[in-house]
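> Give me a 3D structure for the following:
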Amino acid sequence: MNEQTIEEGKTMAIVSYLTLIGTLIAFFMNQDKKNPFTAFHTRQALGLWLTQMVLGFVVSGFDSWNITFALWIGIAVLIFYGIFSAIAGKAESIPLLGDFFQKIFSSLGR
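Numbering: from 1, shown residues only. This is a model prediction of the structure:
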């Protein structure tokens, strides 16, 4: 990716991490432009939000504030990592799961 592509897609890349609705907004706004930087971060954000929902459902069965708090802190750290990566103009995968998200959602944004 060149610098112009990154700068054009940076705003939508950041928006994709804000909420699941932000991810959907970034995805649909990128359908016409097909910016690879935005598509990369949209796949990362979608994976994070879906992981948060699935793990939140599983963790809710434990009925423990400690486990719930650890889940929220972990997801928040990964989301901030993605946001700061997008702000810096880098296409860095989220630790642990980022490459997996890129593989699963590879058809999105292409």
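> What count of nearby residues applies to residue 21?
Neighbour count for residue 21, taken as other CB atoms under 10 Å: 10. Glycine gets a C-beta too; all of them are placed from N, C-alpha and C.
> can you tell me how far it sits from residue 27?
Counting by CB to CB, to the nearest Å, the gap from residue 21 to residue 27 is 11 Å.
> Low-confidence stretches in the chain?
Residues of the chain meeting the criterion pLDDT under 70: 109-110.
> which residue packs closest to the residue nearest in space to the middle of it, ignoring adjacent ones?
Nearest to the geometric centre of the chain sits residue 45, at 1.3 Å (CA atoms, centre = their mean). Take residue 45 and drop its neighbours on the chain: the residue closest to it by CB to CB, 6 or more residues apart in numbering is residue 16, 4.1 Å away.
> if I read this right, that neighbour contacts residue 27, doesn't it?
Yes. Assessed by CB atoms under 8 Å, residue 16 is found in contact with residue 27 at 7.4 Å.
> Quick check: the gap between residue 15 and residue 76.
Distance of residue 15 to residue 76, computed by CB to CB: 17 Å.
> Residue 59 and residue 66 touch, don't they?
No. Look at residue 59 against residue 66 with CB under 8 Å: they stay out of range, at 10.2 Å.
> the more surrounded of those two?
Comparing residue 59 with residue 66 by other CB under 10 Å, the one with more neighbours is residue 59, at 16 against 8.
> centre of the chain versus the host helix or strand of the more buried one, how much separation?
Assigned by DSSP states H and E, residue 59 belongs to helix 36-60. Distance, stretch centre to chain centre, for helix 36-60: 6 Å (CA atoms, centre = their mean, to the nearest Å).
> In the very next helix or strand once past it, which of the residues would be classed as buried?
For helix 36-60, the following helix or strand on the C-terminal side (DSSP H and E) is helix 65-87. For helix 65-87, the buried set under the neighbour-count rule, 16 or more other CB atoms under 10 Å, comprises 71, 75, 78-79, 81-83, 85-86.
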